[in-house]
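Engineer: the following comprises the amino acid sequence and a computationally predicted model.
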Amino acid sequence: MDVTAHVMVRNEENYIEPVMDSIIQAGFREVLVVDCASQDRTFEKLVPYGRLDRVRLTRTAILTPEENGQVRQWLTDRTRTRWAMIIDGDEYYWPYVLRRLLKLEIPEGKKFGYTTLANVQLDDEGYYVASQFSKHAFFDADKTVWEGPYPFENPEDILLGNEDGRLNHYFGEDLLHRLNSWHGLHLRLLQRSPYDEETHLRVTLRETVHRRPEVLRRLRYLPVPARSSYVSIEAKLVIA
């Protein structure tokens, strides 16, 4: 299927290159990238990607939580495919998983599709640890209107259909067995830039769900995706 990637970034210089490389390798029809007034070298590292035929790169003023939905809508209005996929600057997907997802045919009537990432952080001993995290990533660009502040730019649609506790918007029957595995790494709890600030949400996550022994998994490779190691990262991933 034809899919456009939506990439919103702000102060992501430590990991933006492997994130973008995996997106380029996946073969999206188009990649729309918005740098939201990064203070570090994120935009500088994005410029070479902006020269590619399928990539459109732009910058905005400082992004507030209230403006997040507006930027999502701006991207959606410029999407020329029916389906779009949200890949933020702190979300690294295995390239082969993205290629597989792009080959799916989404059943009629589905509005969202979910993927499974692993939230990654450092524990007290210096190991990388992760817990699973499912999020909607695909959406129908012809039917979705974004509104409201981050993190719930579109709460009605995001929560719609989850009353029974299951992700019944999850599409792709051949991927259902992967729901308990990882499609990629969510790096939001790591320092992604010298300008990356602590937030209440990040502190709370570290102190709650990510500290529960039953959900923590150690990653026995170092470092978390860097430009020099991302190509073979899946082979290096061992769950203790």
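Structural biologist: That came in fine, so what should we check first? Residues are numbered from 1 along each chain as shown.

Engineer: check the offset of stretch 7-20 from the chain's centre.
Structural biologist: Remark: stretch 7-20 is offset 10 Å from the chain centroid, using Cα atoms, centre = their mean, to the nearest Å.

Engineer: what pairs with Thr60 across the strands?
Structural biologist: Applying DSSP bridges to Thr60 gives these bridge partners: Cys36.

Engineer: do you know how far it is from Trp74?
Structural biologist: Going from Thr60 to Trp74 by Cβ to Cβ, to the nearest Å gives 8 Å. Using the backbone N, CA and C atoms, a C-beta is placed for each residue, glycine as well.

Engineer: what is in contact with those two at once?
Structural biologist: Here Thr60 and Trp74 have Val34 as joint contacts, going by Cβ atoms under 8 Å, 6 or more residues apart in numbering.

Engineer: and Thr76, what helix or strand is that in?
Structural biologist: Here Thr76 sits within helix 68-77, counting by DSSP states H and E.

Engineer: and that helix, what does it pack onto?
Structural biologist: strand 3-9, strand 30-36, strand 83-86 (3 or more Cβ pairs under 8 Å, 6 or more residues apart in numbering; DSSP states H and E).

Engineer: that one to strand 3-9, inter-axis angle?
Structural biologist: Interaxial angle, helix 68-77 versus strand 3-9 (axes from the mean of the first three to the mean of the last three Cα atoms, to 10 degrees): 150 degrees.

Engineer: in the chain, which spans are helices?
Structural biologist: 16-26, 42-50, 68-77, 95-102, 155-159, 200-207, 233-236 (DSSP state H).

Engineer: which helices and strands does the biggest strand by length in the chain pack with?
Structural biologist: Longest strand of the chain, by residue count under DSSP state E: strand 128-140. Strand 128-140 sits against strand 83-86, strand 112-122, strand 217-219, with contacts defined as 3+ Cβ pairs under 8 Å, 6+ apart.

Engineer: that strand versus strand 112-122: what angle between them?
Structural biologist: 160 degrees.

Engineer: how near is Gln39 to Glu197?
Structural biologist: Relative to Glu197, and taking Cβ to Cβ, Gln39 is found at 10 Å.

Engineer: list the residues that contact the residue lying closest to Arg41 once chain neighbours are set aside.
Structural biologist: Ranked by Cβ to Cβ, 6 or more residues apart in numbering and with sequence neighbours excluded, the top spatial neighbour of Arg41 is Glu13, at 4.5 Å. By Cβ under 8 Å, 6+ apart, the residues touching Glu13 are 38, 40-42, 45, 192-194.

Engineer: please identify the most buried of the helices and strands packed on helix 68-77.
Structural biologist: Highest mean neighbour count among the helices and strands packed on helix 68-77 (mean count of other Cβ atoms under 10 Å): strand 3-9, with a mean of 24.

Engineer: cool, thanks, signing off.
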